[in-house]
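Visitor: what would the 3D arrangement of this be:
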Amino acid sequence: MKFYLKKLLTLLLTMLLVSLMAFAAFNLIPGDPAQLILGTQAAPQTLAALHQKLGLDQSLPQRYTKWLWSLMHGDLGTSLQYSRPVSELIGSRLPVTAVLALVALLLIFTVSVPVGVLTARKRGTLLGRLLDFLTMLNISMPGFFLGILFIWVFGLLFHLFAPGGYVSWQENPAGFLRYMIFPALAVALPNIAVASKFLRSALLEERNADYVRTAVSKGCSRKAILYRHMLKNALIPFLTLAGMMVAEIFSGSILIEQVFGIPGVGRLLISSILSRDFPLLESLVVYIAFLVVLANFIADLLLQAADPRIRVKP
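Guide: Coordinates of the predicted model:
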């Protein structure tokens, strides 16, 4: 119980610190949101009235306390650029990013484990060297480059999808999923390479453990030892890596969404940065931080449940 309370307290304190840093960063940098809304030719009286309406005439501690209180009650404010509630904007973009993330995660976890096991089993063989080469190649290529490559090969050469021709789920569910598979692949492939290499290293390290030598001396086959014992133990540290990947992907593949023209949270973040839309930008930073902290929190809980040897000092 102490472990769970400690982790929950860490999550809350981390989110509080992130909210404070995000608010301070976007309110201390040069720039006047009221001037951005009204333009450079606005009269001083009009600027003063808008300052009062937006709460910009208050001190930073007052504004932060008010913003944090509203944030805790689900009120994220109003976007300066779109003149719409921030919660409504994020809610409209979140399903698109969620589908992209879920498809990418499905590809990562269904491909990386078999590939990691295969590279560990075939270590030193021609197939093992080929898989190692492909793994390093995927790790070295960033996702946005793979996205551009996919657009050229699958979009322009083979016409499997129309680059920039994003369609929403409501308009055409089949077309939506067909379009999303290629951005998901661009997100997934580097992560598959990292995850499979990590799992391969963990399996090779488990190979020298005492229980493996004991099982071999008892006549157990290498294949049985691998799948019944080594893989189970190697997947325990794999959970930590998986938590970080989930956080990274669900927080929005910003460059991938930009490359493929997907109207998700990532593009909304870029738009808010370019337009200096501070209420929207602050909420997006807190949202991304919350996903990162929550994913690692869940990974820690799963790690504790999977490995009873872990003990937390009081």
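
Visitor: can you pull out the helices in the stretch 1-150 of the chain?
Guide: Ranges of helices within the stretch 1-150 of the chain are 2-28, 33-38, 44-54, 60-72, 86-121, 126-140, 143-150, based on DSSP state H, counting those that start in this stretch.

Visitor: among those, which gets the worst mean confidence?
Guide: Here those differ in mean pLDDT, and the lowest is helix 33-38 at a mean of 69.

Visitor: follow-up on the earlier one: okay, the helices of the stretch 1-150 of the chain in JSON lines with mean neighbour count and distance to L199 next?
Guide: In this view, the C-beta of every residue, glycine as well, is placed from N, C-alpha and C. Conversion of the helices of the stretch 1-150 of the chain to JSON lines gives the following (neighbours: other Cβ atoms under 10 Å; distance: least, Cβ to Cβ, whole Å):
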{"stretch": "helix 2-28", "mean neighbour count": "14", "distance to L199": "25"}
{"stretch": "helix 33-38", "mean neighbour count": "16", "distance to L199": "47"}
{"stretch": "helix 44-54", "mean neighbour count": "13", "distance to L199": "51"}
{"stretch": "helix 60-72", "mean neighbour count": "13", "distance to L199": "39"}
{"stretch": "helix 86-121", "mean neighbour count": "19", "distance to L199": "3"}
{"stretch": "helix 126-140", "mean neighbour count": "14", "distance to L199": "11"}
{"stretch": "helix 143-150", "mean neighbour count": "18", "distance to L199": "20"}
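
Visitor: any idea which of those helices gets closest to L204?
Guide: Of all these, helix 86-121 sits nearest to L204, with 5.8 Å by Cβ to Cβ.

Visitor: now for the residue nearest in space to the middle of the chain: which residues touch it?
Guide: Of all residues in the chain, the one closest to the mean position by Cα atoms, centre = their mean is E248, 2.2 Å from it. Contact analysis of E248 by Cβ atoms under 8 Å, 6 or more residues apart in numbering lists N191, V292.

Visitor: so how far is I256 from it?
Guide: E248 sits 11 Å away from I256, going by Cβ to Cβ, to the nearest Å.

Visitor: now swap in L241 and tell me
Guide: Noted for L241: a distance of 20 Å to I256, by Cβ to Cβ.

Visitor: neighbour count winner among these two?
Guide: Taking neighbours as other Cβ atoms under 10 Å, L241 and I256 compare with I256 leading, 25 against 17.

Visitor: let me know the pLDDT of that one.
Guide: With respect to pLDDT, I256 has a value of 90.

Visitor: right, and the helix or strand after the stretch of helix or strand it belongs to?
Guide: Assessed by DSSP states H and E, I256 sits inside helix 254-260. Once the chain leaves helix 254-260, the next helix or strand it forms, by DSSP H and E, is helix 265-275.

Visitor: tell me the helices and strands packed up against the helix or strand just after that next one.
Guide: Downstream of helix 265-275, the next assigned helix or strand under DSSP H and E is helix 278-306. Contact here means 3 or more Cβ pairs under 8 Å, 6 or more residues apart in numbering; DSSP states H and E; on that basis helix 278-306 packs against helix 2-28, helix 60-72, helix 86-121, helix 231-250, helix 265-275.

Visitor: how about those in JSON lines, adding distance to A186?
Guide: Formatted as JSON lines, those follow (distance: least, Cβ to Cβ, whole Å):
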{"stretch": "helix 2-28", "distance to A186": "28"}
{"stretch": "helix 60-72", "distance to A186": "33"}
{"stretch": "helix 86-121", "distance to A186": "9"}
{"stretch": "helix 231-250", "distance to A186": "11"}
{"stretch": "helix 265-275", "distance to A186": "13"}
